[in-house]
Every structure is written in structure tokens, then in C-alpha cells.
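Colleague: the amino acid sequence is not available; the structure is as follows:
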């Protein structure tokens, strides 16, 4: 790899804290929301999500301060936007609230930043029109209805074979055995990625937003950078392979041959690649795991689903709302403005908390409950809103739909054995382990 290709990773001082690390250090043993002064509430706290204690913090902000100000040394000024309609307002105005500075809380605007997924190798999700529109158009055919129709038999076959192989009456980890395996297999197909290496995709997806900590997904920024460089090197080889072939239907080939992306070097493609990996892996796999957990939390809804499998159609949008696999997305103000009466300054960061908007009591009745009769479940914000609405939403819905159609044919129950282990992240809202036992019909 050339020195220039490695450059996106170099600006970081290894001893530096990222904003996420700074908040992780500050967030240990944070009290419940009602024990805090309003100004001390900061939902950007990975411990709240790891411990599944985020709910009351957002509930209080929605009621008392729906556009909430915080400031930390590394990131500067940022606002938590927690109400459904305010989130849609920010999402709808890309000229005032730009994605071009990154999609997660970043360093102070204008400061050197090592966030390779954001500023240095920007994905089209971290771009504004027209660049975003052109790059997104390049890979859109992979998730177009025609291609989904072609993929559905393969998704169903893999799902059925995996479910048939599950042990009965003994505890196993649903996350690794089912959710990761199904989503990683789908990604390998979309990328035409060597199938025997498909678990690399899971590893890279986990690393992207991992907060370095002892015993964590990665233990240091050095390790994170080095493993991301391995990702670039691997895809550099795939680039050259696809560049020397006629254009194909896989995502790598589309990026290599696309008019808006073919002149980019492999390292420049990293942002788009990681976006597609995280979007196709983390989000779907955590919703698959979340669906099993949620139905165990609300057994009356599980009973209704077993009695009427047609309710799978209702389950899909409702579980995507309830789970909200990505907690927030960031925008950056391009000018001084106002939001819900709050004075937003140019270069302020705004965190659109989808996880809060999806639990907004003014939009969703009894929002914390899983409700298969919810009439407006499909209005959830989990796929975003506006120009950045999730391109792969239909594929995610298809995979979850097929999974539960096949589950209901085979199993009386999938029984959660203990509370899951959760991801240490305020961005990816997910599960690292979910012990279950299955009972076949």
C-alpha cells in the first residue's frame, strides 16, 4: 500500500481520546436521570446503552429540554435532538444541517480529526447532494426491487438450512449462531466476497465504531487503525480483481466501475465500504437479535404471532422501531439558526436521536411496548428521513420477514435464558450475546 493510501489514519495521536472515549470515561456509574440536574444529562454515554439504562434519560429530555445542549473538550458544542418532529426537521434541511463533517459525534469542526469513517474517507452518507446523490446512485441497483426478488430464494434457503441445524433443548448464542451468520452471508453475496473469509466483514463492522477499552472489541486506537488498514489492503486486492473484469452486479464492482466512484483510490472508498458493511451487518443483525429478545419481553405479543403468522408483516416495522439499531446520526450546522427555540451556532453538531424519536409518546402510544397492532409503526425513524433515508431498508425488512416466517414454521418457542450482553456504544445499539433455547414443533 502506498504512503498516500495510508494517510487517512495517520493524524491521530494514539494517546488522544476520541469524543466517544471521553464520554465513556466520564460516564461510568452515571446516576438515573431523575438524580441529575437537567444540564448534567448527556445521553452520549456508552455505559447507558451497555447497561440498557438510556430510557429515562431520553424521556426526561423529551419532556423538559427536547433540544439539549452539551459541550466536551474534544468535540466542542453539540445538541441532542430528541423529539420526533424536530429530528425530521433537521433531516429534511441538508443545506442548514449538513452531513459533510461526519455522521457520529466528531472533533471540533476545523480541528485535525482521525475519524477515517467520517472526514478523511467520507462515505456518501457523510456527504451532501449532489455528491451524495451521484455516489449513492452507483450502488442503488444492488438493493433495487428486481435484485431483491432475485435474492429472496437464496435468503430463504440459507435461513431454512441454518434454522434446521440449530440444537434443540440446549443453550446457544443467537447473536453469533444466527444473526451474525445470516447477515454476514448476505454481505458476502452482495460484495461477491470470498465466502470462507466472510467473518472478516463482521470483525471490520464491529471495529468501526468500537470504543477502545481493555477487554473490548479493540483495546487501543493503534489496534483499531491497524485492523482498518488490513481492511483497506484486503479490498485493494478486490478492487484490482474487479477492475480487470467486466462490470458485475456486486457492490465492489459497482464502485470500481461507477461513473461517480471509479476514479477513487481504495483508501478513498473505505468510507463507502464501511457504510455498506455496517449498514448491511450491524443494523440487520441487531434487529434480528432484538426481535427474539423483544418477543420474550412481551410474551403476549409472541403468543399472538404464533397464533397468527400473518402478523409477521406487522412485526417487521414494529421491531425495527422498537429496536432502533443505530441510536443517532449527526449533522453539523452550516449557519447560525434556531431549532425549537434554541439558538444553534454555525459549526454546532446536532445528534438526531432516532432511538428517542421512535419512543416519542406524542407520536407512538405506549411507545416502550412492542405492539403488533401499532397502526403507525412504519413511520419509525430507524432508516432516517429525507435525502439520507436508508438505501438498504427493503433488504433489511426482507431478511427479518423471511427469518420469522421460517422460525414460525419450525419452532414452538425461542426462549431467552438470561439478559443479553449489549454493545458498548451510543451509536450502534446492539447485542454481543443472547443465550437462547429453541423448542421445535
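Modeller: Cool, got the structure. Small disclaimer: the values here were computed from a predicted structure and weren't measured.
Colleague: switch to C-alpha atoms for all contacts and neighbour counts from now on
Modeller: OK.
Colleague: where in the protein is pLDDT low?
Modeller: Applying pLDDT under 70 to the chain flags the ranges 1-28, 110-145, 147, 260-262, 264-272, 280, 388-389.
Colleague: show me the contacts for the residue nearest the centre of it.
Modeller: The structure's the chain has its C-alpha centroid closest to residue 326; by CA atoms, centre = their mean the separation is 3.8 Å. Applying CA atoms under 8 Å, 6 or more residues apart in numbering to residue 326 gives the contacts 283, 354-355, 382, 427-429.
Colleague: and residue 329, how many neighbours?
Modeller: Residue 329: 20 surrounding residues under other CA atoms under 10 Å.
Colleague: my read is it is in a helix, agree?
Modeller: No: under DSSP: H, G, I helix; E, B strand; the rest coil, residue 329 sits outside any helix and is assigned strand.
Colleague: I'd assumed residue 355 was in contact with it.
Modeller: No: here residue 329 does not reach residue 355: they are 10.2 Å apart, not a contact under CA atoms under 8 Å.
Colleague: residues contacting residue 360?
Modeller: With contacts defined as CA under 8 Å, 6+ apart, residue 360 is in contact with 62, 83-84, 367.
Colleague: which one (most neighbours) among those residues?
Modeller: For the contacts of residue 360, the largest number of neighbours (other CA under 10 Å) sits with residue 83, at 29 neighbours.
Colleague: for that residue, what are phi and psi?
Modeller: Here is the backbone geometry of residue 83 (degrees, to the nearest 10): phi -100, psi 140.
Colleague: same question, the one 10 residues further on
Modeller: Per-residue torsions, residue 93: phi -120, psi 80 (degrees, to the nearest 10).
Colleague: number of nearby residues for it?
Modeller: Other residues near residue 93 come to 12 when the count uses other CA under 10 Å.
Colleague: and the gap between it and residue 86?
Modeller: Look at residue 93 and residue 86: by CA to CA, to the nearest Å, they are 11 Å apart.
Colleague: again, but for residue 237
Modeller: With CA to CA as the criterion, residue 237 and residue 86 are 44 Å apart.
Colleague: cool, and residue 399?
Modeller: Distance from residue 399 to residue 86, by CA to CA: 30 Å.
Colleague: ok, now residue 60?
Modeller: Applying CA to CA to residue 60 and residue 86 gives a distance of 16 Å.
Colleague: do residue 295 as well
Modeller: As judged by CA to CA, residue 295 and residue 86 stand 30 Å apart.
Colleague: check which helix or strand covers residue 200.
Modeller: Residue 200 belongs to helix 199-208 when assigned by DSSP states H and E.
Colleague: following element in sequence after that helix, please.
Modeller: Downstream of helix 199-208 (by DSSP H and E), the next one is helix 221-243.
Colleague: elements contacting that following helix?
Modeller: Using 3 or more CA pairs under 8 Å, 6 or more residues apart in numbering; DSSP states H and E, the elements in contact with helix 221-243 are helix 199-208, helix 251-257.
Colleague: same question for that helix: list its buried residues.
Modeller: Neighbour counts over helix 221-243 (16 or more other CA atoms under 10 Å) mark 221-222, 224-225, 227-229, 231-233, 235-236, 238-239, 242-243 as buried.
Colleague: tell me what angle it forms with helix 199-208.
Modeller: Angle, helix 221-243 to helix 199-208, by axes from the mean of the first three to the mean of the last three CA atoms, to 10 degrees: 140 degrees.
Colleague: tell me how far helix 221-243 lies from the chain's centre.
Modeller: Relative to the mean C-alpha coordinate of its chain, helix 221-243 is positioned 21 Å out (CA atoms, centre = their mean, to the nearest Å).
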